[in-house]
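J.: A structural model of the following input is requested.
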Amino acid sequence: MGKGMICVGAIAGAFGTAGEIRLKSFCANPADIGTYGPLYSEDGAETYDITVGPAVKGGFAARIKGVHDRTRAEMLRGTRLYVVRDTLPGLPDDTFYISDMIGLTVFDTGGAMLGRIRAVQDYGAGNILEVQRKGAGDLLLPFTTEVIPTVDLDAGRVVANPPEGVIQAMKLPDRPSRAQPAGQPCTTGLTFSTLPHRGATMTDGPKSRKPGHITGQAAGPPLADVWAVRVITLFPDAFPGTLGLSLTGKALSDGLWQLHTTDLRRFGRGRHRSVDDRPAGGGAGMILRPDVVAAALEQVATPFPRRVWPVVCLSPRGRPFTQATARRWAQGRGLTLLCGRFEGVDERVLQDCQVEEVSLGDFVLTGGEIAAQALIDATVRLIPHVLGKHESTEEESFSNGLLEYPQYTRPGIWNGRAIPEVLLSGHHARIADWRTNQAKRLTRERRPDLWRAHTRTNPEEDQER
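T.: Below is the predicted model:
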């Protein structure tokens, strides 16, 4: 590594097809990797001008100037990215960059050398110095003022004052830990300090980031031509939730769709960031203020018309959400969801901002977050390549206005119940007829509303009972 260089991230491979990369950040605040300006290769010979985009599973989507295709982006996989040490912000007393700690010699209070720091670990209970000893096992020393009273970077030494017996008790355990990257600072308190943003305005929004989504506005331009959903919520940490799992999670990680969350509390009024007020005319509960909601909607606004990018409020009084709605949304450019809370949203902002109200069903939830995840899941799975087999979405319930037919798999006989013989016949026409008849039967029995709608367009089937 070049002199005075600190590793702040790495390229984890190509992301998408247009030359984007997946960027893994080693910074205490992951988004800070986009604030240092040009990044360098390990020897300092190569310079990378990187624009950091939205957070995705495993890091950030990003673009490198001059890289325009997936092949070139994939060739950079594994490249570590460095900044010049002297360009990093100064830190307060008793706070040190991890890279400055690596290699320091550790002495006890009597002057006897214990070893050299080889890594800084986080076992969940605070920062730990991993000290390598000659001819003996490594030691783990808690990085607190009581155990590490002195750190002298100029002299290249650390003084340790462990309690009686801690040297043997803190031998490196046989279990994995989470090594802290060299670009992060550590402190003699119990937690890592957080670097301030450079060249950006600090907000009081959530400071944590979760794989697969970005909290607040994207740090750079969104990926082109990728379906995206923007969620306005008082609980951004609720996302991605189950959307980050299984096929939708993999699709999110692979860049087939994007998720952005915006904390409504950031737009609250007064010292307490109030977002609601009492209902006009009296009554129970509180109402989300129109000025607060409008400010949030303006922040996440897109240039697309509502027909290709609907703005939706989750509300029990809205139009019922259906498979047709999900299909319409999936064929658009994206979706903005406002998660309702309390007794509802001021009617004026819904009208003024052309917000469409949608309901998940005839029941009431404490908020729109759970409903939002259900609606997003139903829509994202219709995006090409998310499920793999497009036929899966064509044959399931509601796709043709009917409930889905019964499904079976091995074993052939279970608890005395056999798979219907027709499904084992290999006669595709008979199987198709059986499935259609079963779908009609179930729809008549369980969803008479759907059956009435079906027979309005197929009146002859109303006589088939």
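J.: for G13, what are its contacts?
T.: Under the criterion of C-beta atoms under 8 Å, 6 or more residues apart in numbering, the contact list for G13 reads I21, R22, A73, E74, R77. Where C-beta positions appear, they are placed from N, C-alpha and C, glycine not excepted.
J.: tell me the SS of the third one?
T.: Using DSSP: H, G, I helix; E, B strand; the rest coil, the secondary structure recorded for A73 is helix.
J.: That one: how many residues sit nearby?
T.: When neighbours are defined as other C-beta atoms under 10 Å, A73 has 24 of them.
J.: and V159, how many residues sit next to it?
T.: By the other C-beta under 10 Å criterion, the neighbourhood of V159 contains 17 residues.
J.: what does W257 give?
T.: Each residue near W257 was counted by other C-beta under 10 Å, and the total is 21.
J.: and what of R430?
T.: Residue neighbour count, defined by other C-beta under 10 Å, stands at 13 for R430.
J.: Not counting residues beside it along the chain, what's closest to it?
T.: V422 (5.5 Å; C-beta to C-beta, 6 or more residues apart in numbering).
J.: May I have the phi/psi pair for that neighbour?
T.: phi -60, psi -30 (degrees, to the nearest 10).
J.: right, and it touches W434 too?
T.: Yes. Under the criterion of C-beta atoms under 8 Å, V422 is in contact with W434, at a separation of 4.8 Å.
J.: Looking at the two, which is more packed in?
T.: More neighbours sit around W434 than around the other of V422 and W434, counting by other C-beta under 10 Å; the figures are 18 against 13.
J.: The more buried one and L424 touch, don't they?
T.: No. In this structure W434 lies outside contact range of L424 using C-beta under 8 Å: 11.4 Å.
J.: tally of neighbours for the residue nearest to T436 when sequence neighbours are not counted?
T.: Beyond its immediate neighbours in the sequence, the residue positioned closest to T436 (C-beta to C-beta, 6+ apart) is Y405, lying 7.4 Å away. Burial of Y405 is recorded as 20 neighbouring residues (other C-beta under 10 Å).
J.: same check, this time on the one 3 residues further on
T.: Residue crowding around Y408 was assessed by other C-beta under 10 Å; the count is 12.
J.: got it, and T379?
T.: Taking other C-beta under 10 Å as the criterion, the count of residues near T379 is 25.
J.: Look at it and tell me its secondary structure.
T.: helix.
J.: That one and G282: what is the separation?
T.: Going from T379 to G282 by C-beta to C-beta, to the nearest Å gives 38 Å.
J.: re the thing from before, for the contacts of G13, name the two members farthest from one another.
T.: Put simply, by C-beta to C-beta the two of the contacts of G13 set farthest apart are R22 and E74, 10.4 Å from each other.
J.: Looking at those two, which is more packed in?
T.: More crowded of R22 and E74, by other C-beta under 10 Å: R22, with 23 against 14.
J.: quick one: which helix or strand includes F107?
T.: Using DSSP states H and E, F107 falls within strand 105-108.
J.: any idea of the mean pLDDT for that strand?
T.: Mean pLDDT, strand 105-108: 92.
J.: Run the chain-centre distance for the following helix or strand past that strand.
T.: For strand 105-108, the following helix or strand on the C-terminal side (DSSP H and E) is strand 113-122. Taking the mean C-alpha point of strand 113-122 and that of its whole chain, the gap between them comes to 33 Å (C-alpha atoms, centre = their mean, to the nearest Å).
J.: what pairs with Y48 across the strands?
T.: For Y48, the residues forming beta bridges with it (DSSP bridges) are L39.
J.: residue contacts, it?
T.: Each residue near Y48 by C-beta under 8 Å, 6+ apart is listed here: P38, L39, Y40, S41, I64, K65, T79, L81.
J.: In terms of pLDDT, where does it sit?
T.: Listed pLDDT for Y48 reads 93.
J.: how about the lengthiest helix in the chain: buried residues?
T.: Residue-count comparison of every helix in the chain, with assignments taken from DSSP state H, identifies helix 428-446 as the longest. Neighbour-count burial for helix 428-446 flags I431, W434, R435, Q438, A439, K440, R441, L442, T443, R444 (criterion: 16 or more other C-beta atoms under 10 Å).
J.: Report the separation between the residue nearest to R430 and G416.
T.: Plainly put, V422 is 19 Å away from G416 if you go by C-beta to C-beta.
J.: Many thanks, I have nothing further to ask.
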